[in-house]
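**Q** I'll drop the sequence and a predicted model, then ask my questions.
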Amino acid sequence: MASMVPYDRYSRALRNAWPFGSAIDDFFDAPFAALSDNAMSFRMNVEDAGTAYVVTAELPGVTKDQIDVELNEGRLSITVDKKESDEEKGKNYLHKETGEWTATRGVYLKDAATAGLTAKLDGGVLTVNVPKQDEKGNVTKVAID
């Protein structure tokens, strides 16, 4: 048992010994990059505050013109379409990790009211307040034969 090595350390050691480093792994992982947490996206929190839901999204460097918030049949969607300004395009970068990206995140809020929605962007954090409505009595129980 003393000679057992955890898998993550073993694979890391093999990767370092491989003459191409992690280039081969990166090549085969590229198609799945959009599914990972490292893809261009943003963090979002949903809080049940009693009479309303409070949804916060971290959107640093994004202006309110680049954000679309929509509530459609209980599904709250936040879409960001970040574009570079003409001022940014004229610069001569040696290395650049920011750029144009689009991301959409959504959450289903079953008792969300369509009236009284508010949204505010302050300090790179979007806060959306979604009031709750009384649950509709349209649920029908079905007896099983």
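**A** Nice, thanks for sending it over.
**Q** how about low-confidence regions in the protein?
**A** 1-40, 86-88, 135-140 (pLDDT under 70).
**Q** quick one, domains of it?
**A** Domain ranges of the chain: 9-38, 40-131, per automatic domain parsing.
**Q** which of these is buried the deepest?
**A** Highest mean neighbour count among the domains of the chain (mean count of other C-beta atoms under 10 Å): domain 40-131, with a mean of 13. All C-beta spots, glycine's among them, are computed from the backbone N, C-alpha and C.
**Q** on that earlier part again, got TSV for the domains of the chain, with distance to residue 141 too?
**A** Compiled in TSV, the domains of the chain are given as follows (distance: least, C-beta to C-beta, whole Å):
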stretch	distance to residue 141
domain 9-38	38
domain 40-131	17
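**Q** closest to residue 142 out of the ones you listed?
**A** Closest to residue 142 of the domains of the chain is domain 40-131 (C-beta to C-beta; 19.1 Å).
**Q** the helix or strand residue 55 falls within: partners in the sheet, and parallel or antiparallel?
**A** Element membership of residue 55, judged by DSSP states H and E, is strand 52-58. Neighbouring strands of strand 52-58 in its sheet, by DSSP bridges, are strand 44-48 (antiparallel), strand 125-131 (antiparallel).
**Q** format those as a markdown table; extra columns: distance to residue 108.
**A** Shown next, in a markdown table, are those (distance: least, C-beta to C-beta, whole Å):
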| stretch | distance to residue 108 |
| --- | --- |
| strand 44-48 | 10 |
| strand 125-131 | 11 |
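**Q** out of those strands, which is closest to residue 65?
**A** It's strand 125-131; of the strands paired with strand 52-58, that one is closest to residue 65 (C-beta to C-beta) at 12.7 Å.
**Q** out of the strands paired with strand 52-58, which gets nearest to residue 71?
**A** strand 125-131 (6.8 Å).
**Q** isn't residue 75 right next to residue 107, touching?
**A** Yes. Taking contacts as C-beta atoms under 8 Å, residue 75 lies within contact range of residue 107: 7.4 Å.
**Q** give me the contact list for the strand holding residue 55.
**A** 42-47, 76, 78, 105, 107, 109, 112, 124-132 (C-beta atoms under 8 Å, 6 or more residues apart in numbering).
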